[in-house]
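>>> Output the structure for:
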Amino acid sequence: MALAEDLGDAGDVTSEMLIPHDLAGQAVFVARAEGVVAGLPAVEIVLATVRTPLLKLQPLVEDGTRVAPGDRLAVISGMMEFILTAERTALNFLQRLSGVATLTRRYVDAVAGLPCQILDTRKTTPGWRLLEKYAVRCGGGHNHRMGLYDGFLVKDNHLAALGGGREAFTRLALTVLPKLRTMAVPVEIEVDSLEQLNWALYCRPDGPDVILLDNMAPEQMREAVRIRNAGGASRVQLEASGGVSLATVRAIAESGVDRISVGALTHSAPALDIALDYVAS
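Numbering: from 1, shown residues only. Alright, predicted model coming up:
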């Protein structure tokens, strides 16, 4: 799809008219900024789609590698016409995914030494979810549910639709959650107050698998951790979400929560500056 929108019906008219069809050459992907690489397998698929076997990719690093300005990431060899045709699409994948991996690594580094995982969300570019969640892993993060199909997550609007308040949690416990015991999906419930936390902890005999603490201050999170532990529900993981930034993530992790989900990993990651430079033979 990416190549189709770039080539249209006429193809790469500039390279086709300007570059001799029998001209072979090489080009190298070079990092222009410090970051973490992700997306080299996607680049290889781009090259194969443009023209196989006339283009070959030789990776010089692996996805997940930290790089500095000037580091060479991979070499493309083959017919120059097709290298030029593939250039922008390949860079779009590599820069975008490396940007996600780089931002993820910054969050992971910010909580280093603490027993807390950094997770992504479903706030991904439409059509790119598998790619972006792969890049999160390359940056040292963890994946939340992939979609609506592989996790049971009760959010505030679900509770509102059930009437809100304690009544909604009671209805959830009595009529919905018992049916999930035979399903192999994790159960997570979002709460925005310590009162709701108590309702969620005992929403079913053994409690949910995860409780999401939505937009709580670090001191509220610390109290949530205390309530969870005092109630003998230490197996229930607590996940912080909302208002998370590089400036706040360490304090959030120090509250004792087990997980922090960060939408910014995928919806706000800037592309990593990577160039494709022609190599004269």
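
>>> what's the next secondary structure element after the lowest-mean-pLDDT helix or strand in the chain?
Within the chain, no helix or strand scores below helix 177-180, which has a mean of 76 by mean pLDDT, DSSP states H and E. Using DSSP states H and E, the helix or strand that follows helix 177-180 towards the C-terminus is strand 187-191.

>>> which secondary structure element contains G64?
Using DSSP H and E, G64 falls within no helix or strand.

>>> all helices of the stretch 101-250 of the chain, in order?
129-138, 156-161, 165-171, 177-180, 194-201, 218-230, 249-254 (DSSP state H, counting those that start in this stretch).

>>> among these, which is the most enclosed?
helix 129-138 (a mean of 22; mean count of other CB atoms under 10 Å). Where C-beta positions appear, they are placed from N, C-alpha and C, glycine not excepted.

>>> Quick one: distance of that helix to the chain centre.
Here helix 129-138 is found 5 Å from its chain centre; the criterion is CA atoms, centre = their mean, to the nearest Å.

>>> Report the contact partners of G64.
Contact analysis of G64 by CB atoms under 8 Å, 6 or more residues apart in numbering lists V36, V37, A38, A101, C138, G139, G140.

>>> of those, closest to A264?
Set against A264, the nearest of these by CB to CB is G139 (12.4 Å).

>>> Now that closest one: phi and psi?
phi -90, psi 0 (degrees, to the nearest 10).

>>> From L272, how far out is the closest residue to it other than its chain neighbours?
Of all residues not flanking G139 in the chain, T104 sits nearest, at 2.9 Å (CB to CB, 6 or more residues apart in numbering). The gap separating T104 from L272 is 12 Å, by CB to CB, to the nearest Å.

>>> Compare neighbour counts for these two and give me the winner.
Neighbour count, other CB atoms under 10 Å: between T104 and L272, T104 has more, with 29 against 25.

>>> can you give me the offset of stretch 68-86 from its chain's centre?
26 Å.

>>> which parts of that stretch are buried?
Neighbour counts using 16 or more other CB atoms under 10 Å place 71, 73-74, 76-86 of stretch 68-86 among the buried residues.

>>> So, low pLDDT: which residues of the stretch 51-200 of the chain?
52 (pLDDT under 70).

>>> circling back to that earlier point, now the common contact residues for T104 and L272.
In contact with both T104 and L272: V36, using CB under 8 Å, 6+ apart.
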